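Visitor: Sequence first, then the predicted structure:
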Amino acid sequence: MNHRQVEKVARELEAVADVSTQALAEELHKMSPRERMAIARQIEEDAREHASPLLPKLEFTSSGDLKTSDEIVLTEKGVVRLHAEFNPATGKALHAERSELSTVPNEIIGDVARFPNGITYDRSTNKIYIPEKDAKDFREDKLYDEKGHIVAVRGFGAHDRLLYSQDQKGFYVPVDGGVLTEKPDGSINFAPRHEEHQRPPELR
């Protein structure tokens, strides 16, 4: 496997890791030791050069097998941290932990956050990426104060579903369990549905 092939396979497996670290571990374990080590080194290099908060943090053994994975996931029920340890002899998970978090600091999430409804928000550029299923029917409403200044923006997708709301205090995404809020400092917290006082007026 030449360097270009290694890079190609590494990119493909990074996409796999974004969906399932277990699947990544199994795919690596199927490879020859030499190929596995080359791919693991390439994935580590990619992570250093193009750090992405959307991908899990991966640690490999000296043989190139997946050792541990650690990721923060924004779900319909709140913010969850997933940690797993893998058996290099089998490529299977040995231990997995799931813990719920009330707040995640910016250092963990980074500038780009992907929300469970498909919305991706880049805080550094204030760009909002709309999922394909909502792009055709997407519309944005602006709320104004008595002086005509914009105080909030709401985005709606297919079937007039509220996708997000944004004002000076944060970027809000409604989920089944409540509201995920990204604050101006980049931290994200979760307010359960019963805590209505935590929700901005435009989401109530």
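Guide: Cool, the structure landed.

Visitor: Give me the nearest residue to Leu28, chain neighbours excluded.
Guide: With CB to CB, 6 or more residues apart in numbering as the criterion, Leu28 has its nearest non-adjacent residue at 5.3 Å, and that residue is Arg36. The C-beta positions use only the backbone N, C-alpha and C, and glycine is treated the same way.

Visitor: now Val73
Guide: Val80 (4.9 Å).

Visitor: Tell me the bridge partners for that neighbour.
Guide: Under DSSP bridges, the beta-bridge partners of Val80 are Val73, Glu100.

Visitor: I'd say it and Leu101 touch.
Guide: Yes: applying CB atoms under 8 Å as the test, Val80 and Leu101 come out as touching, 7.0 Å apart.

Visitor: Show me the domain layout of the protein.
Guide: 3-101, 104-203 (automatic domain parsing).

Visitor: Overlap in contacts, Val80 and Leu101.
Guide: By CB atoms under 8 Å, 6 or more residues apart in numbering, Val80 and Leu101 have these common neighbours: Ile72.

Visitor: re the thing from before, mean pLDDT and mean neighbour count added to the domains of the chain, as CSV?
Guide: Below are the domains of the chain laid out as CSV (pLDDT from 0 to 100; neighbours: other CB atoms under 10 Å):
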stretch, mean pLDDT, mean neighbour count
domain 3-101, 88, 16
domain 104-203, 85, 15
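
Visitor: now the strands for this protein?
Guide: Secondary structure of the chain (DSSP state E): strands at 57-60, 66-75, 78-87, 92-101, 103-104, 112-114, 120-122, 127-129, 139-144, 150-156, 162-167, 170-175, 178-182, 188-192.

Visitor: I'd like those as a markdown table, with distance to Glu45 appended.
Guide: A markdown table is the format used below for the strands of the chain (distance: least, CB to CB, whole Å):
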| stretch | distance to Glu45 |
| --- | --- |
| strand 57-60 | 12 |
| strand 66-75 | 16 |
| strand 78-87 | 20 |
| strand 92-101 | 25 |
| strand 103-104 | 26 |
| strand 112-114 | 20 |
| strand 120-122 | 24 |
| strand 127-129 | 26 |
| strand 139-144 | 39 |
| strand 150-156 | 37 |
| strand 162-167 | 34 |
| strand 170-175 | 32 |
| strand 178-182 | 30 |
| strand 188-192 | 28 |
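
Visitor: Among those strands, which comes closest to Glu26?
Guide: strand 92-101 (7.6 Å; CB to CB).

Visitor: And for the closest one, what's in contact with it?
Guide: With CB under 8 Å, 6+ apart, strand 92-101 has contacts from 22, 25-26, 72, 77-87, 190.

Visitor: Can you give me every residue that contacts the nearest residue to Ile128 once chain neighbours are set aside?
Guide: Nearest residue to Ile128 in three dimensions, chain neighbours excluded: Tyr121, at 5.5 Å (CB to CB, 6+ apart). If you count contacts by CB under 8 Å, 6+ apart, Tyr121 has them with 112-113, 115, 127-129, 164, 171, 182.
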